[in-house]
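1. Using only what follows, build the 3D model:
(one chain, ligands or ions: 1)
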Amino acid sequence: MSLPGVFLFSHYVESFWSTPPPLVDWSYVPTLVLAVILVVVAATALAARAADGKQATRLPGPQALPFLGTRWLFWGRYKMNKLHEAYEDMFRRYGPVFVETTPGGASVVSIAERAALEAVLRAPAKRPYRPPTEIVQVYRRSRPDRYASTGLVNEQGEKWHHLRRHLTAELTSPNTMQGFLPELNNICDDFLELLESCRRSDGTVAGFDQLTNRMGLESVCGLMLGSRLGFLERWMSGRAATLAAAVKAHFRAQRDSYYGAPLWKFAPTTLYRTFVKSEETIHTIVSELMEEAKTKKQGTANDDAMREIFLRILENPAVDMRDKKAAVIDFITAGIETLANSLVFLLYLLSGRPDWQRVIRSELPSCSTRTAEDLAAAPSVRAAIYEAFRLLPTAPFLARVLDTPMTVGGHKLPAGTFVLAHTGAACRREENFYRAREFVPERWLTHAAPHAPALVAPFGRGRRMCPGKRFVDLELHLLLAKIMQKWRVEFDGELDIQFDFLLAPKSPVSLRLVEW
Ligand code: HEM
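-> Presented below is the predicted three-dimensional model:
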């Protein structure tokens, strides 16, 4: 046996008894990788600190870490479901204009200062860019079989303009709303009947928020699909319950994808799968509902104004069928929780003002079918709704990307800066409103300084403003008038509010509807 042969053989025998000495020693590699990562992290941290140091003279804000940006705050100091409180705290720490950093290194400027907010909201963009929700965008782009675009809520530029022009004209028209009023009136009456049937002897309605969600579903689906779907029947169908749960899961997943660890971008995490499941559930149910609504069209042709929006959308040749379906999905998901939460907040705030409830009742005409004119004639109803939107808006901030450079609170922001306009926080600042943190509906009838009505923007501003505003205004007026005519509202303690990508009451909510 040659010498190398002996060596190899002895090595071969030895390998049976002990770990072979490696031909190449890899053992130092993990340590080396770790060391390289540490060096990179430290270098980036130093660079970030230096950049932050420069930035600090321009924009204050929390410390950004490499790869995490300022999102680490939501994994320790703040809770994601209390985002509204997190922002209040950050405004206290850093002032009314501060910057956060995304894990990708982009800046997000938060604003609660009056002049700056007014400037951002007034900016007359022709195609306002509202940053899309990334998880929706990624998923919808992965399903061209179902989606021709990312949809009205998330699309930008000319594509957004095309969808907006063709899909919202009916929804924003006063005539269409006037035509929908009789059916809306029936929906409100059915909601009151449901409340009545769920009331205990002392007036308590447990799970009030879930009932308002059903009301949101019935009215928004009725508006968009042109037919009643039975969400307000005492025993709701499994399909209705599934749709309501999917809409909630959809919002929560969007919130977690934005503020949580961005791991879903690299692998199909539980969060991503939850989102996909909710989107697919909504898509399946909305597709079924649309098919049913189309069949109804053939049976009861032209039945009335209630079907106008659905039919116009369906028959519009300028829009791809996939976009029509996505639009109905977007309208329904954008409308249900916002409407339901707004009603809970309104009644909760009013429960603290029994005197204002009496004022409302005294102003209401006694007939049971209200016209829009009747409602407009009750200024106390309008004042209560407006004040609730000021103090507790379900969308407490608006997102925009600046079209042109802007000087905000003495800081120069280049075009393309991602801005969060915190209208909700600004409305609770004493320099903007008299007794800013209190529910004072009277302020909308006799103004007491300071008073900054331009800051109240519960439906957003400009061309991307909520197309459901007119409908929501009408429905909230009707509901409040009808509820106040029948009952006074009582609530014990403070409502627990959380951020589910929208401000929402922590479920379940119990309040009392007590006969006058
Ligand atoms: C109280 C109820 C509601 C509130 C507080 C609300 C609030 C908002 C807000 C703040 C925006 C963003 C606006 C902006 O960026 O300037 C928005 C957009 C939108 N809302 Fe609503 N909304 C409500 C109900 C509805 C309803 C009932 C519908 C549909 C029937 C709807 C459909 C939409 C759509 C499609 C958008 C996107 C518009 C676009 O990007 O062009 N919303 N809403």
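
2. Show the pLDDT at residue 365.
-> With respect to pLDDT, residue 365 has a value of 77.

3. Next: residue 237.
-> 76.

4. Now do it: how many residues are near it, please.
-> Residue 237 has 12 neighbouring residues, counting by other CB atoms under 10 Å. C-beta: built from backbone N, CA, C; applies to glycine.

5. cool, and residue 433?
-> Neighbour tally, residue 433, other CB under 10 Å: 25.

6. Next, it: secondary structure please.
-> coil (DSSP: H, G, I helix; E, B strand; the rest coil).

7. does it really touch residue 443, like I thought?
-> Yes - between residue 433 and residue 443 a contact is recorded at 7.1 Å, counting by CB atoms under 8 Å.

8. quick one: common contacting residues for these two?
-> residue 451 (CB atoms under 8 Å, 6 or more residues apart in numbering).

9. is it true that residue 314 touches residue 327?
-> No - judged on CB under 8 Å, residue 314 makes no contact with residue 327 at a distance of 10.5 Å.

10. ok, whichever helix or strand residue 345 is part of near the ligand or not?
-> Taking DSSP states H and E as the definition, residue 345 sits inside helix 321-351. Yes - residues of helix 321-351 contacting the ligand under CB under 6 Å from any ligand atom: 330, 331, 334, 335, 338, 339, 342.

11. May I ask which of these has the most neighbours?
-> residue 331 (27 neighbours).

12. Tell me, how many residues neighbour the residue in the stretch 151-300 of the chain positioned nearest to the ligand?
-> Going by CB to the nearest ligand atom, the ligand is nearest to residue 153 of the stretch 151-300 of the chain, at 4.5 Å. A count of nearby residues for residue 153, using other CB under 10 Å, gives 19.

13. so what's residue 246 scoring on pLDDT?
-> 93.

14. And for the residue nearest to residue 314 when sequence neighbours are not counted, the neighbour number?
-> Excluding the flanking residues, the one nearest residue 314 by CB to CB, 6 or more residues apart in numbering is residue 324, at 6.5 Å. Counted by other CB under 10 Å, the residues lying close to residue 324 total 20.

15. Could you check how far residue 324 is from the ligand?
-> According to CB to the nearest ligand atom, to the nearest Å, residue 324 stands 13 Å off from the ligand.

16. same check, this time on residue 435
-> 23 Å.

17. cool, residue 82 as well?
-> 20 Å.

18. I'd guess that residue is in a strand, am I close?
-> No - the assignment for residue 82 by three-state DSSP gives helix, which leaves it out of any strand.

19. roughly how far apart are the closest residue to the ligand within the stretch 201-350 of the chain and residue 374?
-> In the stretch 201-350 of the chain, the residue that lies nearest the ligand is residue 335 (2.9 Å; CB to the nearest ligand atom). Residue 335 is 24 Å from residue 374, where distance means CB to CB, to the nearest Å.

20. can you check residue 295 too?
-> 36 Å.

21. who touches the closest residue to the ligand within the stretch 1-150 of the chain in this structure?
-> The minimum distance from the stretch 1-150 of the chain to the ligand, using CB to the nearest ligand atom, falls at residue 130 (4.8 Å). Each residue near residue 130 by CB under 8 Å, 6+ apart is listed here: 156, 398, 399, 400, 401, 464.

22. next one: residue 436
-> If you count contacts by CB under 8 Å, 6+ apart, then residue 436 has 427, 428, 429, 430 around it.

23. Among those residues, which lie within helices?
-> With helices taken from DSSP state H, the overlap with the contacts of residue 436 comprises residue 427.

24. ok so, going back, which two of the contacts of residue 130 have the greatest separation?
-> 156 and 398 (15.3 Å; CB to CB).

25. which of those two has more neighbours?
-> Neighbours per residue, other CB under 10 Å: of residue 156 and residue 398, the larger number sits with residue 398, 24 against 17.

26. so what secondary structure elements neighbour the helix or strand encompassing residue 240?
-> Residue 240 belongs to helix 238-259 when assigned by DSSP H and E. If contacts are counted by 3 or more CB pairs under 8 Å, 6 or more residues apart in numbering; DSSP states H and E, helix 238-259 sits against helix 134-141, helix 208-225, helix 270-299, helix 321-351.

27. which stretch in those helices is the model least sure about?
-> What stands lowest among these, in mean pLDDT terms, is helix 270-299, with a mean of 86.

28. next helix or strand past that one?
-> Downstream of helix 270-299 (by DSSP H and E), the next one is helix 308-315.

29. Can you pull out the residues in contact with that next one?
-> By CB under 8 Å, 6+ apart, helix 308-315 touches 167, 169-171, 176, 179-180, 223-226, 290, 293-294, 297, 319, 324, 327-328.

30. got the angle between that helix and helix 208-225?
-> For helix 308-315 against helix 208-225, the angle by axes from the mean of the first three to the mean of the last three CA atoms, to 10 degrees is 50 degrees.

31. Report whether helix 308-315 contacts the ligand.
-> No - Helix 308-315 is not in contact with the ligand by CB under 6 Å from any ligand atom; minimum separation 8.8 Å.

32. Report the buried residues of that helix.
-> For helix 308-315, burial by neighbour count (16 or more other CB atoms under 10 Å) applies to 308, 309, 310, 311, 312, 313, 314.

33. any idea whether residue 512 is helix, strand or coil?
-> Assignment for residue 512 (three-state DSSP): strand.

34. circling back: please list which of the contacts of residue 130 also come close to the ligand.
-> Answer for the contacts of residue 130 near the ligand (CB under 6 Å from any ligand atom): 398, 464.

35. Just the contacts of residue 130: which are in helices?
-> Going by DSSP H, the helices hold none of those.

36. circling back: give me whichever of the helices and strands packed on helix 238-259 is most buried.
-> helix 208-225 (a mean of 25; mean count of other CB atoms under 10 Å).

37. Spell out which parts of the stretch 201-350 of the chain neighbour the ligand.
-> Residues of the stretch 201-350 of the chain lying near the ligand (CB under 6 Å from any ligand atom): 220, 223, 330, 331, 334, 335, 338, 339, 342.

38. Which pair of those spans the longest distance?
-> 330 and 342 (18.3 Å).

39. burial of residue 431, as a residue count?
-> 11.

40. State the distance from it to residue 406.
-> 21 Å.

41. With residue 110 instead?
-> Applying CB to CB to residue 110 and residue 406 gives a distance of 14 Å.

42. and if you look at residue 67?
-> Counting by CB to CB - residue 67 and residue 406 are separated by 29 Å.

43. Check residue 478 too.
-> 40 Å.

44. can you give me the strands for this structure?
-> Ranges of strands within the chain are 97-101, 107-111, 204-205, 398-401, 406-408, 411-413, 418-421, 487-490, 497-499, 503-505, 511-515, based on DSSP state E.

45. any chance of the ones you listed in a markdown table, with mean pLDDT too?
-> Formatted as a markdown table, those follow (pLDDT from 0 to 100):
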| stretch | mean pLDDT |
| --- | --- |
| strand 97-101 | 95 |
| strand 107-111 | 96 |
| strand 204-205 | 98 |
| strand 398-401 | 93 |
| strand 406-408 | 88 |
| strand 411-413 | 89 |
| strand 418-421 | 95 |
| strand 487-490 | 98 |
| strand 497-499 | 94 |
| strand 503-505 | 95 |
| strand 511-515 | 97 |
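
46. Low-confidence bits of this structure, can you list those?
-> 1-57, 297-306, 366-373, 375-376 (pLDDT under 70).
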